[in-house]
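Visitor: Pasting the sequence and the predicted model now:
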Amino acid sequence: MESVNYIKHLNAVFLLFSKDKRLNPSHICLYMGLFQLWNNYHFSTSFYINRDEVMQLAKIGSKTTYHRCIKELHHWKYLVYLPSYNPFHGSKIKMFNFGTSAEQVVDPFHTNMETSSGLAMVSINKHNKTKKRNINENKLDQPKNEKEVVDFFLKENWTALEAKKFYNHYEGIGWRVGGKSKIVNWQATARNWVLKANEIKKEKITFVKQKKADNLMVDIHKKYNEPL
């Protein structure tokens, strides 16, 4: 019987699962079913299994899926699978103790994509690049302060008042378009802001002119003796 710290073991295994893109839910369910049996056998060096029992524990309904997954777990060095072709004698399983360095080296920050045991690992450089890319994708593009916006507007020959309106508006909604989509380029958003403001200004001028014209349209032949 092996001395297994199942918490350390499962933590190490789950870490490997998260890095190994070859795995699918059937592999993980099958491994956990075998782990449960290993626990029932008090973490013995090896033990024999019954296929139907393992399939029930792993919630796998297809024999084809079962055989494929257990062979792949064996090939990828998650366990040792010694199949038995005798219907009265179960297959033999040997589980690796991932909670210690005695069996397999569990190093999630190994610089190689493949370890000596053939288990796929993700390098620390790739992990850091992915993390940095996710941070950059979630980062909003926004000016440092109001002065930067004012300087940009003045450089484009726009008024400082319009710059303050723009800054206060988007500062109030977290620099997101419509309060939802993140702003990718705040300078481009500022240009659209000014274009829209100019359109609104022209519409107001047109409306005022039209209203004045309507007021000047007086019927000179109006008959004042007719009732209203």
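Guide: Good, I have the coordinates.

Visitor: name the element the closest residue to residue 23 other than its chain neighbours belongs to?
Guide: Using C-beta to C-beta, 6 or more residues apart in numbering and skipping residues adjacent in sequence, the residue nearest residue 23 is residue 17, 5.9 Å away. Any C-beta I mention is one placed from the backbone N, CA and C, and that applies to glycine too. Assigned by DSSP states H and E, residue 17 falls within helix 6-19.

Visitor: And residue 97, by the same measure?
Guide: Per DSSP H and E, there is no helix or strand for residue 97.

Visitor: Make sure it is actually in contact with residue 6.
Guide: No: in this structure, residue 97 is not within contact of residue 6 by C-beta atoms under 8 Å, at 9.8 Å.

Visitor: between the two, what contacts are shared?
Guide: The contact sets of residue 97 and residue 6 overlap at residue 43 (C-beta atoms under 8 Å, 6 or more residues apart in numbering).

Visitor: Counting neighbours, go ahead and name the busier of these two.
Guide: The residue with more neighbours, out of residue 97 and residue 6, is residue 97; 21 against 14, by other C-beta atoms under 10 Å.

Visitor: Need the pLDDT of that one.
Guide: For residue 97, the model assigns a pLDDT of 89.

Visitor: can you give me the strands in this protein?
Guide: Along the chain, counting by DSSP state E, strands occupy 47-49, 79-82, 91-95, 176-177, 181-182.

Visitor: looking at the ones you listed, which is closest to residue 196?
Guide: Closest to residue 196 of the strands of the chain, according to C-beta to C-beta: strand 176-177, at 12.4 Å.

Visitor: And the average pLDDT for the longest helix belonging to the chain is what?
Guide: When the chain is parsed with DSSP state H, its longest helix is helix 186-216. What helix 186-216 shows for mean pLDDT is 80.

Visitor: can you check stretch 45-53 too?
Guide: For stretch 45-53, the mean confidence score works out to 91.

Visitor: Just the buried positions in that stretch, please.
Guide: Of the residues in stretch 45-53, 47, 49, 51 count as buried by neighbour count, 16 or more other C-beta atoms under 10 Å.

Visitor: Stretch 172-188 too?
Guide: Buried residues in stretch 172-188, defined by neighbour count with 16+ other C-beta under 10 Å: 175, 183, 186.

Visitor: contacting residues around the first one?
Guide: Remark: with contacts taken as C-beta under 8 Å, 6+ apart, residue 175 is in contact with 140-142, 182-183, 186.

Visitor: Quick check: nearest residue in space to it, chain neighbours excluded?
Guide: In space, residue 175 is closest to residue 142, 4.1 Å off (C-beta to C-beta, 6+ apart).

Visitor: ok, which stretches of this protein are helices?
Guide: Using DSSP H, helices in the chain cover 6-19, 25-40, 51-58, 63-75, 124-138, 146-155, 160-172, 186-216.

Visitor: same for the last one, what does it pack against?
Guide: If I follow you right, that is helix 186-216. The helices and strands touching helix 186-216, judged by 3 or more C-beta pairs under 8 Å, 6 or more residues apart in numbering; DSSP states H and E, are helix 146-155, helix 160-172.

Visitor: For the first one, the averaged confidence score.
Guide: Within the predicted structure, the mean pLDDT of helix 146-155 is 93.

Visitor: again, but for stretch 73-87
Guide: Mean predicted lDDT for stretch 73-87 stands at 90.

Visitor: If you count neighbours, what's buried in that stretch?
Guide: In stretch 73-87, counting by 16+ other C-beta under 10 Å, buried: 73-74, 76-79, 81.
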